[in-house]
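>>> Turn this into a structure:
(one chain, ligands or ions: 2)
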Amino acid sequence: MTAAPTIAIVGSAGTYGRWLRGFFERRMGLRVLGHDPGDPASDTPEALLEQADVLLFATPIRQTPQVVGDYVRRSGGREAGRLWLDITSIKQAPTEAMLRSRAEVAGLHPMTAPPKAPTLKGRVVVVCESRLDRWRPWLQALLDALEGEYVYADAERHDRMMALVQAMVHASHLAQAGVLGEYAGGLGGLDAIMPFRSASFELDAAIAARILSLNPAIYEEIQFGNPHVAGMLDRLLAQLSELRGLVRQGDDAARARFRERFLHSREAFGAQALEEGSYAYERVGYLLADLVTRRYASVHLPEDRAGSLRALLHVFERHGVSLESIHSSRTPAGEVHFRIGFVRGTEPAALSTALTEIAGTGLGHVLEAG
Ligand SMILES: NC(=O)C1=CN([C@@H]2O[C@H](COP(=O)(O)OP(=O)(O)OC[C@H]3O[C@@H](n4cnc5c(N)ncnc54)[C@H](O)[C@@H]3O)[C@@H](O)[C@H]2O)C=CC1
Ligand SMILES: O=C(O)C(=O)Cc1ccc(O)cc1
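Ligands and ions are numbered 1, 2, ... in the order given. Model (predicted):
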């Protein structure tokens, strides 16, 4: 084990492979090799096995156990004393395949698509520590550098959890997307439905849209590649069937049964989870409401120093422009920017002068204004 190991990424041209290369090179200052059939200029598998201390599999879920098996064969024992990692969304089969090598083994599962930020700060990462010894301190250094929120589980427990955390959520939103598609003819599609939205509908539609925008192979495999999913779908379907039966029955007994079930689920959640979840929902509701503000500006403050936000706000104050909301988030480069909403009736000329002054003095970069 070395303090600055050479990393090799299998699947280096993929979405996560590219993000990870940037992370290892820029944030950890490590040498990175990579192989990907999609990138003819990438290194050969043999170069990876010959030169790398850490091998990381970032390959499609369905292929990963087979790809790992291929590397076990090619490596032929050279992997002893090295570390093999994977980031597959399903853990059991890839982990079993990696354990057939002589390498130390850990599985990581970032619960997010590669973010636009340079690290996984604030994002949950599941860690399956399968066979760790001398690489444990370096793995910890990697986790520290990634800045994630870590939860530990063995591969089997991970997959059971994912049947709920991912497969159930995806399945129910895909079902919603299907129903919305079927209703589109009669009601005019999502464009016609959205003006009637509740915050819940907006969030659910956003989740469905997100699922439908990302790599379909991942969503397919999260359903089809996890042995715990079929049982979860049975339960989901049973719950919906029972509800449908009660609604069709429609009498007081059915309503009583509905209330009973409702109360039962409330108890199962527990008072604290209900309170926290409801509060989280309210906060998101305020955020969504702020985002529909007619007049807004997104501003990046290039000077990361105490007082620069105050200086920015002072410009609005001097031009008589009142703020309605202010939120911060990250640009694709990982820089913080502020989205500022202005009160109804804001004078467009005053706002425009203020924004011109902000850009002109270099106080802030105005990324977007409306
Ligand atoms: N994209 C996401 O949102 C997340 C992905 N993951 C996991 O990360 C892994 C990779 O996902 P993505 O980067 O999104 O997929 P991707 O499809 O963008 O990338 C996979 C890459 O692997 C390459 N590949 C296929 N067979 C190979 C082989 N034999 N040797 C070397 N490379 C090979 C492909 O050419 C492709 O470039 C998956 O296991 C997925 O479950 C985990 C969390 C989130
Ligand atoms: O960021 C999102 O929308 C996702 O939920 C993406 C995602 C896809 C697969 C994973 O295993 C984890 C996260």
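>>> distance between the helix or strand hosting Ala289 and the chain's centre?
Using DSSP states H and E, Ala289 falls within helix 271-291. Computed by C-alpha atoms, centre = their mean, to the nearest Å, the chain-centroid distance of helix 271-291 equals 19 Å.
>>> what sits up against it?
199, 202-203, 266, 269, 324-325, 327, 339, 341 (C-beta atoms under 8 Å, 6 or more residues apart in numbering). Placement of C-beta: from N, CA and C, glycine included.
>>> and if we set it to 10 Å?
With contact meaning C-beta atoms under 10 Å, 6 or more residues apart in numbering, helix 271-291 is reached by 197-200, 202-203, 206, 265-267, 269-270, 296, 324-327, 339-341.
>>> Kindly report the same for stretch 212-223.
With contacts defined as C-beta under 10 Å, 6+ apart, stretch 212-223 is touched by 14-15, 60-64, 88-90, 113, 162-163, 165-167, 169-171, 173-174, 177, 211, 225, 229-230, 232-233.
>>> Report whether it contacts ligand 2.
Yes - counting by C-beta under 6 Å from any ligand atom, ligand 2 is contacted by stretch 212-223 at 214, 218.
>>> tell me which residues of stretch 8-25 are tucked away?
The neighbour-count check on stretch 8-25 (16 or more other C-beta atoms under 10 Å) flags 8-14, 16-21, 23-24 as buried.
>>> whoops, stretch 100-111 was the one
For stretch 100-111, by 16+ other C-beta under 10 Å, it's 101-111.
>>> got CSV for those residues, with distance to ligand 1 too?
Below are the buried residues of stretch 100-111 laid out as CSV (distance: C-beta to the nearest ligand atom, whole Å):
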residue, distance to ligand 1
Ser101, 16
Arg102, 21
Ala103, 17
Glu104, 20
Val105, 16
Ala106, 15
Gly107, 11
Leu108, 9
His109, 6
Pro110, 5
Met111, 7
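>>> tell me which of the residues you listed is nearest to ligand 2?
For the buried residues of stretch 100-111, the minimum distance to ligand 2 (C-beta to the nearest ligand atom) is 5.2 Å, reached by Met111.
>>> what residues are up against the residue nearest to the closest one when sequence neighbours are not counted?
Of all residues not flanking Met111 in the chain, Val124 sits nearest, at 4.2 Å (C-beta to C-beta, 6 or more residues apart in numbering). Residues counted as contacts of Val124 (C-beta under 10 Å, 6+ apart) are 109-112, 148-151, 165.
>>> Can you report how many residues lie near the residue of the stretch 101-250 of the chain found nearest ligand 1?
Relative to ligand 1, the nearest point of the stretch 101-250 of the chain is Ala113 (3.3 Å; C-beta to the nearest ligand atom). Neighbours of Ala113 under the rule other C-beta atoms under 10 Å: 15.
>>> so how far is ligand 2 from the closest residue to ligand 1 within the chain?
Of all residues in the chain, the one sitting closest to ligand 1 is Gly14 (1.9 Å; C-beta to the nearest ligand atom). Gly14 is 12 Å from ligand 2, where distance means C-beta to the nearest ligand atom, to the nearest Å.
>>> cool, and Gly231?
Distance from Gly231 to ligand 2, by C-beta to the nearest ligand atom: 20 Å.
>>> Neighbours of that residue, how many?
11.
>>> What score does it have for pLDDT?
In this prediction, Gly231 carries a pLDDT score of 98.
>>> got the phi/psi numbers for the residue nearest to Met111?
Per-residue torsions, Val124: phi -80, psi 140 (degrees, to the nearest 10).
>>> Next, the closest residue to ligand 2 within the chain: secondary structure please.
Nearest residue of the chain to ligand 2 (C-beta to the nearest ligand atom) works out as Ser89 at 3.2 Å. Under DSSP: H, G, I helix; E, B strand; the rest coil, the three-state class of Ser89 is coil.
>>> Contact partners for it?
Counting by C-beta under 10 Å, 6+ apart, Ser89 has contacts 60-61, 64, 109-111, 126, 158-159, 162, 166-167, 218-219, 221-222, 225-226.
>>> quick one: pLDDT of it?
98.
>>> picking that back up, just the ones in strands from the contacts of Val124, please.
109-110, 149-151 (DSSP state E).
>>> returning to what we had before: just the buried ones from the contacts of stretch 212-223?
14, 61-64, 88-90, 162-163, 166-167, 170-171, 173, 177, 211, 225, 229, 232.
>>> distance of the residue nearest to the spatial centre of the chain from Leu55?
In the chain, the residue lying closest to the centroid (C-alpha atoms, centre = their mean) is Thr112, at 2.1 Å. From Thr112 across to Leu55, the span is 23 Å (C-beta to C-beta, to the nearest Å).
>>> SS state for Gly29?
Put simply, Gly29 is coil when judged by three-state DSSP.
>>> If I follow the layout properly, it ends up in contact with Ile7?
No - counting by C-beta atoms under 10 Å, Gly29 sits too far from Ile7 to count as a contact (11.1 Å).
>>> Neighbour count for these two, which is higher?
Ile7 (25 against 9).
>>> ok, back up a step: quick check: the two most widely separated of the ones in strands among the contacts of Val124?
His109 and Glu149 (12.5 Å; C-beta to C-beta).
>>> between these two, what contacts are shared?
In contact with both His109 and Glu149: 124-125, using C-beta under 10 Å, 6+ apart.
>>> and this protein, what are its domains?
Annotated domains of the chain cover 7-153, 158-287, 293-369 [automatic domain parsing].
>>> how about low-confidence regions in the stretch 201-350 of the chain?
331-334 (pLDDT under 70).
>>> Helices of that one, residue ranges please.
Along the stretch 201-350 of the chain, counting by DSSP state H, counting those that start in this stretch, helices occupy 216-224, 229-249, 252-269, 271-291, 308-318, 348-361.
>>> quick one, the shortest one and helix 229-249 angle?
Orientation note: helix 216-224 sits at an angle of 80 degrees relative to helix 229-249 (axes from the mean of the first three to the mean of the last three C-alpha atoms, to 10 degrees).
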